[in-house]
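In: Return a 3D structure for these sequence lines:
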Amino acid sequence: MAMKDVAGSPGTWGGLALRVSQCVCTAASLVAITTAQGNDSFSAFIFLGISMELQLLWSFCLACLDIHSLRTNMDLRDPALIGALVVKDWIMGINSLAAACASAGLTILLDRDAQVCRALPHLSCG
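Out: Residues are numbered from 1 along each chain as shown. Reported below is the predicted structural model:
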């Protein structure tokens, strides 16, 4: 039984475009995280940085797989491979969401509840 051609599936130009855009967005957020002042003081921000590094690595590996597939005309529409990629994407998405939620919660706690921004004006709280 053949799988349908779905836009953005692995091994297609659409899939490559999605993975490259995912790499660019992840790299931009990683730059923002690492250049922020005081980001290494709290474990939630460290977790967010590590999560973005893993997401960047995963997206880059899949972009390389798409490039290889397009150059060699390799078919990546195997149901077992697609299932494994979907599960790994879910895991990476949940990991990124957990890290972003933890960082947002910590930011709200420090800014609104603990008034850390008033006590430490060198932090870029906005």
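In: T26 and Q55 touch, don't they?
Out: Yes. Using Cβ atoms under 8 Å, T26 is in contact with Q55, at 4.9 Å. In short, each C-beta sits where N, CA and C put it, glycine included.
In: Spell out which residues sit in contact with the residue most central in space within the chain, please.
Out: Nearest to the mean C-alpha position of the chain, by Cα atoms, centre = their mean, lies Q55 at 3.8 Å. Contacts of Q55 were listed using Cβ atoms under 8 Å, 6 or more residues apart in numbering, and they are 22, 26, 92, 95-96.
In: what's the answer for L16, then?
Out: 63, 66-67, 70.
In: ok, 6 Å please
Out: Contact analysis of L16 by Cβ atoms under 6 Å, 6 or more residues apart in numbering lists D66.
In: list the buried ones in the helix or strand it falls within?
Out: Here L16 sits within helix 13-35, counting by DSSP states H and E. Using 16 or more other Cβ atoms under 10 Å as the test for burial, helix 13-35 gives 15-16, 18-20, 22-23, 26-27, 29-30, 33.
In: Which SSE is immediately downstream of it?
Out: With DSSP H and E, the next secondary element past helix 13-35 is helix 43-72.
In: chain center to that following helix, what's the gap?
Out: 7 Å (Cα atoms, centre = their mean, to the nearest Å).
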